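Student: Compute the structure for the input listed below.
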Amino acid sequence: MPASFLGSALRGSFFFIFGLWWSMRYPLRYLRRKSNAESQPSHGVQQVEVFEGAVKAFFALAGILAEQFVPAGPHLQLYSPKTHSWVDLIPWHYTTIYLFFLLSGLVDIASHSPLKLPLGWDRLLLSLALLVEGLLFCFHDYSDAVLDHHLHSLLAVAAFAGAFCALLEVFLRDHIILETFRTSSFLLQGSWLWQIGFVLSPPWGGPGWDQSDLSNLEFLPMCFCWHYVGVLAVLAANSVASRCCNESCQLKFGDIDVELDCGFCLRRNKMGSRGALLPESSSDDK
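Tutor: Prediction:
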């Protein structure tokens, strides 16, 4: 499998996995809060946020190490005094992108840890990470590869859209429409990065698409829109699945308030006393 396809596929998988997770988590949380308007963020929700931040930081750190220390990588050398020139700036571009996502993950952890950073900081750092991603993709060295530039320009559109949405979430926290739009931007980036891999370096070998064929330039924006239609279909399907899951939990547990973010069920005490956490598989109802 060509290295360029593998790199594009791994980057795409990072965005797609987060997008799929959010496409299930946010609708479930919205339905839970809608059914109980007085509910407050629980300890389980904070644990999920910390877990998301840790996963994001882990993948970003792995990306930095992969970009720098693969056999053909720059190995942390940015400038060569022998040739008086920069060394492999493209891996350094990706390293910079991963660095900002690493910072975003660390701020996610700090925002929901005993440090108690203001919650807006996590969305602000995510917005900055997406902004840096789009900016660096705009200034890649594509030489005469017009198709390559075209593909990454469309990717930058998705990154900038996600950055703008995350910035709005700094001021409009837990807004389901903004969360859904941000989720769609992650899913779109993930699927489009896979598309880039297939176009520029097919996994079955052989040359990529013809860079000089103008019809390819006309087709790709339309293909980009088709990808977004697929993303909307995924969001719709997961929203329906979330509603079905929420309703089935309510039917099964009756007076039990479902904690959808961490997979536990919280028994509501009718006398107003403190509830007890019960596993979802428990069949006792005292």
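
Student: Rounded mean pLDDT for the helix or strand harbouring L10, please.
Tutor: According to DSSP states H and E, L10 maps onto helix 3-35. Helix 3-35 shows a mean pLDDT of 89.

Student: Output the contacting helices and strands for it.
Tutor: Counting contacts by 3 or more CB pairs under 8 Å, 6 or more residues apart in numbering; DSSP states H and E, helix 3-35 packs against helix 43-69, helix 176-200, helix 214-253, strand 256-259. All C-beta spots, glycine's among them, are computed from the backbone N, C-alpha and C.

Student: again, only using 7 Å
Tutor: When contacts are defined as 3 or more CB pairs under 7 Å, 6 or more residues apart in numbering; DSSP states H and E, helix 3-35 packs onto helix 176-200, helix 214-253.

Student: Kindly compare burial across those and name the winner.
Tutor: Neighbour counts (mean count of other CB atoms under 10 Å) averaged over each of the helices and strands packed on helix 3-35 peak at helix 176-200, with a mean of 22.

Student: of the helices and strands packed on helix 3-35, which approaches S4 most closely?
Tutor: Counting by CB to CB, S4 lies closest to helix 176-200 out of the helices and strands packed on helix 3-35; the figure is 6.3 Å.

Student: what's the angle from that closest one to helix 214-253?
Tutor: 140 degrees (axes from the mean of the first three to the mean of the last three CA atoms, to 10 degrees).

Student: Please report phi then psi for Y79.
Tutor: For Y79, the backbone dihedrals are phi -130, psi 140 (criterion: degrees, to the nearest 10).

Student: same question but for V70, I mixed them up
Tutor: According to degrees, to the nearest 10, V70 has phi -70, psi 160.

Student: neighbours of it, just the number please.
Tutor: Neighbours of V70 under the rule other CB atoms under 10 Å: 13.

Student: and it, how far is that from G205?
Tutor: Counting by CB to CB, to the nearest Å, the separation of V70 from G205 is 20 Å.

Student: Now tell me which of the helices and strands packed on helix 3-35 the model trusts least on average.
Tutor: Across those, helix 214-253 gives the lowest mean pLDDT, at a mean of 88.

Student: how far is the helix holding L10 from where the chain is centred?
Tutor: Using CA atoms, centre = their mean, to the nearest Å, the mean C-alpha position of helix 3-35 is found 5 Å from that of the whole chain.

Student: angle of that helix against helix 176-200?
Tutor: 160 degrees.

Student: tell me which residues in helix 3-35 are buried?
Tutor: Within helix 3-35, the residues scored as buried using 16 or more other CB atoms under 10 Å are 5, 7-9, 11-12, 14-16, 18-33.

Student: repeat for stretch 135-149
Tutor: L135, L136, F137, H140, L147, D148, H149.

Student: just these: which has the poorest pLDDT?
Tutor: Out of the buried residues of stretch 135-149, that is H140, at 78.

Student: Correct me if wrong: it contacts L151.
Tutor: No. Contact criterion CB atoms under 7 Å: H140 and L151 do not qualify, at 10.4 Å.

Student: Apart from its neighbours in sequence, what residue is nearest G208?
Tutor: Leaving out its chain neighbours, the residue that sits closest to G208 by CB to CB, 6 or more residues apart in numbering is L200, at 4.4 Å.

Student: ok, now which ones touch that neighbour?
Tutor: By CB atoms under 7 Å, 6 or more residues apart in numbering, the residues touching L200 are S4, D148, G208.

Student: do the same with C223
Tutor: Per CB under 7 Å, 6+ apart, neighbours of C223: Q195.

Student: what about it, distance to H150?
Tutor: 11 Å.

Student: same question, L61
Tutor: 31 Å.

Student: So for these two, which residue has more residues nearby?
Tutor: H150 (19 against 16).

Student: Done for today, thanks.
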